[in-house]
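Visitor: Give me a 3D structure for the following:
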Amino acid sequence: MSDTVNSEIRFNIELDENRVPEKLTWSAKDGGVEAEEAKAIMLSIWDSKVKETMRIDLWTKDMPVDEMKIFFHQTLVAMADTFKRATDDEKMSDTMKDFCDYFAEKLELAK
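Guide: Modelled structure (predicted):
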């Protein structure tokens, strides 16, 4: 019988009186992260029973719009890379990266 190891990633969200996030922190002890502050979180979880993605998208009310645009761009690029690793579909991954370039160009994001 093999030994299993558990690892935990924890998010803490402080909300204002209207339940709008004011402060986000995350911890991952195995990664050496303890109560690190963040301005935004995008989390996708696959529910294989219903073949549907559940999402948690949170950002603090003081998240600057220009940083949100960069956050989205970097997330899209990471998704293209992950898609390539997960499916070995280089053609579609390249197509996704072409869109990422277009996205960055239209938002005038510096590389």
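
Visitor: which parts of the helix or strand harbouring residue 41 are buried?
Guide: Assigning secondary structure by DSSP states H and E places residue 41 in strand 40-47. Buried residues in strand 40-47, counted by 16 or more other CB atoms under 10 Å: 40, 41. Every residue, glycine included, has its C-beta placed from N, CA and C.

Visitor: how far is it from where the chain is centred?
Guide: 7 Å (CA atoms, centre = their mean, to the nearest Å).

Visitor: what does stretch 48-55 give?
Guide: 17 Å.

Visitor: start to end distance for that stretch?
Guide: 14 Å (CA to CA, to the nearest Å).

Visitor: List the neighbours of stretch 32-42 that are in contact with it.
Guide: 11-12, 23-27, 55-60, 62-64, 67-68, 71, 75 (CB atoms under 8 Å, 6 or more residues apart in numbering).

Visitor: For the strand holding residue 41, output the C-alpha coordinates as PDB.
Guide: Presented in PDB, the C-alpha positions along strand 40-47 are these (Å, rounded to 0.1, in the frame of the first residue of the first chain):
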ATOM      1  CA  ALA A  40      -7.500  38.800  -8.000                       C
ATOM      2  CA  ILE A  41      -8.200  35.000  -8.100                       C
ATOM      3  CA  MET A  42      -9.500  33.000 -11.000                       C
ATOM      4  CA  LEU A  43     -10.200  29.400 -10.100                       C
ATOM      5  CA  SER A  44     -11.700  26.700 -12.400                       C
ATOM      6  CA  ILE A  45     -12.900  23.300 -11.100                       C
ATOM      7  CA  TRP A  46     -14.000  20.500 -13.400                       C
ATOM      8  CA  ASP A  47     -17.100  18.600 -12.200                       C
END
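
Visitor: Could you point out the helix or strand that follows it?
Guide: Next along from strand 40-47, by DSSP H and E: strand 52-59.
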